[in-house]
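Engineer: What shape does this take:
(4 chains)
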2 protein chains.
Amino acid sequence: MNLKELATKLGLSPTTVSRALNGYPEVNEATRARVMAAATRHNYSPNTRAIRLATGRALAVGHVIPIATRHEIVNPIFADFIAGAGETYSRSGYDMLLSVVSDDDEDRTYRLLKSRGSVDGVIVHAPRMNDPRIAMLNEIGLPFVVHGRATGSTAAYSWLDVNNRRAFLRATEFLLDLGHTRIALVNGLEFMDFAIRRRNGYLEALAARGMTPDSKLMFSDEMTEVAGYGAARAMLAAPNPPTAFLVASMISGLGVRRAVEGAGMTLGRDISVIIHDDELSYMRNGDDVPIFTATRSSVREAGRLAAEMLLDIIANPGSGPKERLLEAELIIGQSTGPAPK
Amino acid sequence: MNLKELATKLGLSPTTVSRALNGYPEVNEATRARVMAAATRHNYSPNTRAIRLATGRALAVGHVIPIATRHEIVNPIFADFIAGAGETYSRSGYDMLLSVVSDDDEDRTYRLLKSRGSVDGVIVHAPRMNDPRIAMLNEIGLPFVVHGRATGSTAAYSWLDVNNRRAFLRATEFLLDLGHTRIALVNGLEFMDFAIRRRNGYLEALAARGMTPDSKLMFSDEMTEVAGYGAARAMLAAPNPPTAFLVASMISGLGVRRAVEGAGMTLGRDISVIIHDDELSYMRNGDDVPIFTATRSSVREAGRLAAEMLLDIIANPGSGPKERLLEAELIIGQSTGPAPK
DNA sequence: GAATCAACCCAAACCGCTTTGGATACGGCA
DNA sequence: TGCCGTATCCAAAGCGGTTTGGGTTGATTC
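Structural biologist: Numbering: from 1, shown residues only, chains lettered A, B, ... in the order given. The predicted structure is shown next:
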């Protein structure tokens, strides 16, 4: 059943039917009601392909997921972010287009999305320092929102980020207040912007107390269980080991915990651990009582909000770049305690 | 730059230019070369919206991700499956459309995808027993491939699955051969088809040795770290505890390991654990030497293959349902050993 | 030399919707 | 009574491709 058929069946022109369905004022309310009724009765739904061509809008948003050719990792937080964004799109009648491409093809993919008109905008994931995508997207004129920020980028752009610096600053202060002086940082890959900011927060807190950071206590790698385990194990075995760990993710946190327990120590008593908790739905930090003390910020909520921001930008072009900084909560769990004497 | 402009610039008709670019035989090779060159020079790429309308094909595949309204979980293996499928789509010029919907809306979503012509086919995720989606999709005539199977479904349908029954049967046999007699099953939610099959494999292996299953050793829940921990902890504390665990996922496996170590026991010596390893890219089972003994099957590869199967079905309608059963490998790691005396 | 055929190219219809630019009818106003 | 504004509705022209159904040309066949 298409528009024309529905129109003939109603004895109306396609124009009128289209207007009736789309809420235009120049159609009699009685007629509109008749059209609406007929539409639902005949189970009519407009062909999106035709709408897209006629309106010139894609009614879709793109997410380009780069598959790093080097370490083949699918970022586990994507799943929740995407789920959040997807909720927003469903609510607004937008489609979500996922492009999984090797990171060499990322640039080409954005250009194709633009030139073939597949999407009205994109969300940029996992920004790095001086991320070249920002200038490129501005240049080709494809609306976008960055999840995170790109330190060093000069151009203005829209972004939504968690205050990673502040979160790690507060977490470090919290550990310092508990008397810890040897605090280790188990960070993500430090070409990622969020990881840089977290390290900065950590360093700032130390500096504020006049403490010199120890590079032996600073680790940076993929945020996996194995990496977290390896890092913590090595640090605990080294001379003058840390009494506290600041960990970039729930998953690495599990590895750190294993190393701690494997060394015969108890979490929250011998060793304190604070993780960053993205509230991944399949990796909850305990049910009601949090297991780990954590800086908490829902990545799923971030997905929802970033998508809303993008839809807003698409609906109101030329409204200038938008920015939004979310604060992480500091949640006290069972993994922290006063530094052992 | 669109087709018509390119045609005028070349002094040709849109017809000829279209045919030249799409490889039709009725165009002079010299002309074709000229067209191709001009196309790349002027950076022409066809408007997909127009192509879709003209051809009546969506050039897109849908993945409907249900967000369970009850436990709000985003299945962690989606990420890797989607990544695999996405690779196939990119290679074939198809788009991947993700719909994140509450599971009450799932039915409606499939119907909309069909009636609005947004996709040429869909992948059905997480089939349950007697899954109603299969009959529904057959009825509305939307091509699909099920990732997994739906026990009890009478209609024929295309699917790609891992031999879950056989994997867990072999794993159980392996533990039995090591002398274990108290083998616990830490399963996923048993309304999911894969979980049912795994349990069946487990039960079959026990039955083959004339052993009666103990319901106290059979656990079923969400596959999270916390759930795995809780289950294992409870079983280990109960009278007549198991000496081995068969665990449905890497993530629950981490929880089981924590419970084992928390009880002061050593993995592979006091307690044996076999997990199912989907080879999630962010949750590797060790680097070269596997940590856990595991039934291994890459869900990402499954994504690739399922997508290929679907594209094949779309390209050759009426070719009848396709089926593909992947075997899991049994990988020996460090988490299993002979039953303690 | 006329008929035939292959090779090559084009005009125009079409996909299903939106949107522009009227047309028609009716009531109110001067 | 005649003009005008308002309320309704419609015909037709896009949107940017693909595809159908010819044309034209030059070589081949008889």
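Engineer: what ranges do the strands span in the stretch 201-341 of chain A?
Structural biologist: A:218-220, A:244-247, A:272-277, A:293-296, A:323-326, A:329-331 (DSSP state E, counting those that start in this stretch).
Engineer: surely A:L59 meets A:G93?
Structural biologist: Yes - look at A:L59 against A:G93 with C-beta atoms under 8 Å: they come within range, at 6.8 Å. (Glycine included, C-beta is placed from N, CA and C.)
Engineer: Could you pull up the mean pLDDT of stretch A:91-111?
Structural biologist: Model confidence over stretch A:91-111, given as mean pLDDT, is 92.
Engineer: Now that stretch: buried residues?
Structural biologist: By 16 or more other C-beta atoms under 10 Å in any protein chain shown, the buried positions in stretch A:91-111 come out as A:94-101, A:105-106, A:109-111.
Engineer: near chain B at all, that stretch?
Structural biologist: Yes - Stretch A:91-111 comes into contact with chain B (C-beta under 8 Å from any C-beta of the partner chain), by way of A:95-101, A:105.
Engineer: Pull that stretch out as CSV, backbone CA atoms only.
Structural biologist: Taking Å, rounded to 0.1, in the frame of the first residue of the first chain, the C-alpha atoms of stretch A:91-111 are listed here in CSV:
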residue,chain,number,x,y,z
ARG,A,91,12.4,7.8,19.9
SER,A,92,13.0,10.4,17.2
GLY,A,93,12.4,8.1,14.2
TYR,A,94,16.0,8.2,13.2
ASP,A,95,18.0,5.2,12.0
MET,A,96,21.4,4.3,13.4
LEU,A,97,24.0,3.4,10.8
LEU,A,98,27.0,1.5,12.0
SER,A,99,30.2,1.4,9.9
VAL,A,100,32.8,-1.0,11.1
VAL,A,101,36.0,-0.1,9.2
SER,A,102,39.7,-0.6,9.6
ASP,A,103,41.1,2.6,10.9
ASP,A,104,42.9,3.3,7.7
ASP,A,105,39.6,3.6,6.0
GLU,A,106,38.0,5.8,8.6
ASP,A,107,38.6,9.0,6.7
ARG,A,108,37.3,7.7,3.5
THR,A,109,34.2,6.3,5.3
TYR,A,110,33.2,9.7,6.6
ARG,A,111,33.6,11.2,3.2
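Engineer: coming back round to it: now, which of the buried residues of stretch A:91-111 lie within strands?
Structural biologist: A:95-101 (DSSP state E).
Engineer: What residues does chain A have near DNA strand D?
Structural biologist: Counting by C-beta under 7 Å from any atom of the strand, the residues of chain A close to DNA strand D are A:11-16, A:26-29, A:31, A:50, A:53-54, A:56.
Engineer: let's go with 6 Å and repeat that
Structural biologist: Residues of chain A found near DNA strand D (C-beta under 6 Å from any atom of the strand) are A:12-16, A:26-28, A:31, A:53-54.
Engineer: Max pairwise distance over the residues you listed: which two?
Structural biologist: A:N28 and A:L53 (28.8 Å; C-beta to C-beta).
Engineer: contacts for stretch A:199-219?
Structural biologist: A:164-173, A:176, A:181-187, A:190, A:220, A:231, A:235, A:238, A:242, A:246 (C-beta atoms under 8 Å, 6 or more residues apart in numbering or on different chains).
Engineer: Buried subset of these as a ChimeraX selection?
Structural biologist: Of the contacts of stretch A:199-219, the buried ones go into a single ChimeraX selection, burial set by 16+ other C-beta under 10 Å:
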select /A:164,165,166,167,168,169,170,171,172,173,176,182,183,184,185,186,187,190,220,231,235,242,246
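Engineer: so which of the contacts of stretch A:199-219 also contact chain B?
Structural biologist: Near chain B, by the rule C-beta under 8 Å from any C-beta, you find none of the contacts of stretch A:199-219.
Engineer: In helices, which of the contacts of stretch A:199-219 fall?
Structural biologist: A:164-173, A:176, A:231, A:235 (DSSP state H).
Engineer: Can you name the two of those residues that sit furthest apart?
Structural biologist: A:R166 and A:M235 (25.1 Å).
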